[in-house]
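[1] quick one, structure for this:
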Amino acid sequence: MFAQDVVTLARANLDDTATGTGQRYSNATMQQWLGEAQKRLMRDVLFPSGRMSISTIPNQQEYQCGTILRTDSVYLNGQLLVPTGQGGIATLEGHQIQLYDQGARGANPAPVPGSGLPPSTQGPYAPSWGTLTPQGYPAANTASWPAPDAGPSYPFSTGQRGRFYYRSGSIGVTPAPAYGPPLDSDNNPIPNLVIDGVFLPPRLAALSDPLIFPDHFEEALAWKICEFAKFADDTGKSSESRNYAQGMYRAAMVDLRMWVHTFKGDAADGPKVETSRNFYMRDNYRVRQGSTGYP
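    The predicted structure is shown next:
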């Protein structure tokens, strides 16, 4: 699907199918509205997923990544990093359990170069997440097992697996990577910090640009353009038309949400029931020793 396809449908809905000087809305205006419609629809439906790749810099902890609508996974040199959750840096420091970490256990007495801590931080009482010696990835988890012990609700401490956090438009990794990206056969860097998730769609340069959405997203995008157009008209009759276009967009958007849920199939939206429990062999579990299958 191309941008022009959506604009053509929107013009048909607006009864603006004339060409040249007979058009009520210029192509430049329609392109601008389509760009905004893409952002709204991506935010509302969170589809499709994409990938962002960043080359690390030795000892640097934070990297610009822009707006990310949803994060699915983050990898560093192929190792899956543990999320910090919505609390971000506050979670790493233990605010959620009133820990307020300042121990810097097993770490340097001051932030390492490139740390995400404030530049004036010094001395032995800095939070652990910004003072650890940078390390190479992949790195072993020496603190505890399994990974959820270092999960989204737990403060950071020495020995945990690498974790990532967000600060505004940047992503941070702790401990910071000690090395840059690997090189290919032509000595070009291979981006090694990889974010899988949902991102804002690319800016449109022309109506001939292809869109990242599947073809059946066309209706929702066209109705959102109609909503913008009727708002721009700003008359009493246009207000009624705008409300109608808004309702049609919402109906199409809800249908797309349902389709995305079906498309994702057995996605990791929450705990999954394990129906084959024959490997649970202790008395306190639902299947006792010697029993097989789901009770």
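
[2] use CA for all of it now, contacts and neighbours both
    Noted.

[3] by contact count, what packs against the biggest helix by length in the chain?
    If you go by DSSP state H, the chain has its longest helix at helix 236-264. In terms of contacts (3 or more CA pairs under 8 Å, 6 or more residues apart in numbering; DSSP states H and E), helix 236-264 is packed against helix 27-45, helix 218-233.

[4] so which elements touch the first one?
    Helix 27-45 is packed against helix 3-13, helix 218-233, helix 236-264, with contacts defined by 3+ CA pairs under 8 Å, 6+ apart.

[5] for that helix, buried residues please.
    Buried residues in helix 27-45, counted by 16 or more other CA atoms under 10 Å: 30-39, 41-43, 45.

[6] so which of the helices and strands packed on helix 27-45 is the most surrounded?
    helix 218-233 (a mean of 23; mean count of other CA atoms under 10 Å).

[7] send me it as CSV with only the CA atoms.
    Taking Å, rounded to 0.1, in the frame of the first residue of the first chain, the C-alpha atoms of helix 218-233 are listed here in CSV:
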residue,chain,number,x,y,z
GLU,A,218,-6.2,1.8,4.6
GLU,A,219,-9.8,2.5,5.8
ALA,A,220,-8.8,3.6,9.3
LEU,A,221,-6.1,5.9,7.9
ALA,A,222,-8.5,7.4,5.3
TRP,A,223,-11.1,8.2,8.0
LYS,A,224,-8.6,9.8,10.2
ILE,A,225,-7.6,12.1,7.3
CYS,A,226,-11.3,12.9,6.8
GLU,A,227,-11.5,13.8,10.5
PHE,A,228,-8.6,16.3,10.1
ALA,A,229,-10.2,17.7,6.9
LYS,A,230,-13.6,18.4,8.5
PHE,A,231,-11.9,20.0,11.5
ALA,A,232,-10.1,22.3,9.1
ASP,A,233,-13.4,23.3,7.5
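
[8] begin at 92 from now on, thanks
    Done: numbering now begins at 92, and the last item shifts to helix 309-324.

[9] off-centre distance for that helix?
    27 Å (CA atoms, centre = their mean, to the nearest Å).

[10] with that, I have no additional questions.
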